[in-house]
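J.: Fold the following for me, if possible:
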Amino acid sequence: MTQFQPTRFNYLPPVIKNLLIINGLVFLATLAFPGLLEKFALYFPTSPDFQPYQIVTHMFTHADLGHIFFNMFSLWMFGAVLENVWGPKRFLIFYLITGLGAAFLHMGFNAYELYTAVGTLNPDVIITGETISGNYSQHQLQEIISSFAPTVGASGAVYGILVAFGLLFPNTLIYLYFLLPIKAKYLMIIFIAIEVYMGFVNSPTDNIAHFAHLGGALFGFLLVKYWGRNKTRFY
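T.: So this is what the prediction gives:
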């Protein structure tokens with residue numbers, strides 16, 4: 001098996017460049033046509049708004065300018081190095097698998113929470129805007145609302161990329177806020193620990209899909225370990 005060996009470092013490799021363009025164009029389209037955001041977002045499979053294509057389209061849709069900026073900046077910052085090492089094909093496969101893995105773990109956790117709250121994955125509820133019909137406690141209503149809330153963003157794939165970078169380049173210094181140096185392996189651990197904690201705290205005011213982040217990180221970890229069985233670590 002041959003390995004990809006870049007002749008020079010490309011600061012904007014082709015897959016990264018095209019992902020930035022696609023995400024940017026989709027974001028502009030959702031600003032111009034707000035209804036697209038609801039159609040491209042990922043809904044829970046038993047929701048009347050769910051469509052199978054949303055499993056992919058939600059990865060290219062973002063809620064606001066800050067959301068897309070931080071995702072795309074992180075994608076470029078960590079992903080450019082990985083694409084230069086792996087090559088475009090393998091990097092694109094990694095990006096898509098981690099993004100899909102994030103979606104499936106997120107939906108799986110929502111299914112667990114919904115079943116725990118109301119005893120079924122298809123509760124007799126109707127969600128129309130802010131209206132929910134059904135005889136449920138306040139806690140159950142929060143679980144239903146959380147499960148049926150749409151999800152958008154490339155964060156799951158970005159967390160997979162962060163984990164891959166931390167595994168392959170563990171001693172590379174990352175400057176938080178361009179000032180505070182920290183090794184990539186420690187940054188990866190801190191980010192994952194925060195997501196685990198926030199995911200299980202499950203604050204009702206938190207609109208972040210923490211288990212989607214963890215899903216991307218998990219699939220990223222598994223892919224790097226699978227691909228790297230006969231390879232060495234980079235520094």
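
J.: buried stuff in stretch 166-183?
T.: Using 16 or more other C-beta atoms under 10 Å as the burial criterion, the residues of stretch 166-183 that qualify are 166, 167, 168, 169, 170, 172, 174. No exception for glycine: its C-beta is placed from N, CA and C like everyone else's.

J.: contacts for that stretch?
T.: Stretch 166-183 has contacts (C-beta atoms under 8 Å, 6 or more residues apart in numbering) with 81-82, 85, 165, 184-185, 187-190, 221, 224-225, 228, 233-235.

J.: So among those, which ones count as buried?
T.: Buried subset of the contacts of stretch 166-183 (neighbour count, 16+ other C-beta under 10 Å): 81, 82, 85, 165, 184, 187, 188, 221, 224.

J.: Out of these, which sit inside helices?
T.: 81, 82, 85, 165, 184, 187, 188, 221, 224 (DSSP state H).

J.: distance of residue 201 from residue 210?
T.: In this structure, residue 201 and residue 210 are 9 Å apart, going by C-beta to C-beta, to the nearest Å.

J.: cool, and residue 44?
T.: When residue 44 is compared with residue 210 (using C-beta to C-beta), they lie 16 Å apart.

J.: where does the chain dip in pLDDT?
T.: Scanning the chain for pLDDT under 70 picks out 1-8, 122-147, 177-178, 202-206, 230-235.

J.: sec struct for the residue most central in space within it, please.
T.: If you average the C-alpha coordinates of the chain and look for the closest C-alpha using C-alpha atoms, centre = their mean, you land on residue 156, 1.4 Å from that point. Here residue 156 is recorded as helix under DSSP: H, G, I helix; E, B strand; the rest coil.

J.: Show the contacting residues for the residue nearest to it when sequence neighbours are not counted.
T.: Spatial nearest neighbour of residue 156, excluding adjacent residues (C-beta to C-beta, 6 or more residues apart in numbering): residue 102 at 2.2 Å. Residue 102 makes contact with 155, 156, 157, 159, 160, 209, 212, 213, 214, 215, 216, 219 under the criterion C-beta under 8 Å, 6+ apart.

J.: so which helix or strand takes in residue 102?
T.: Following DSSP states H and E, one finds residue 102 within helix 88-118.
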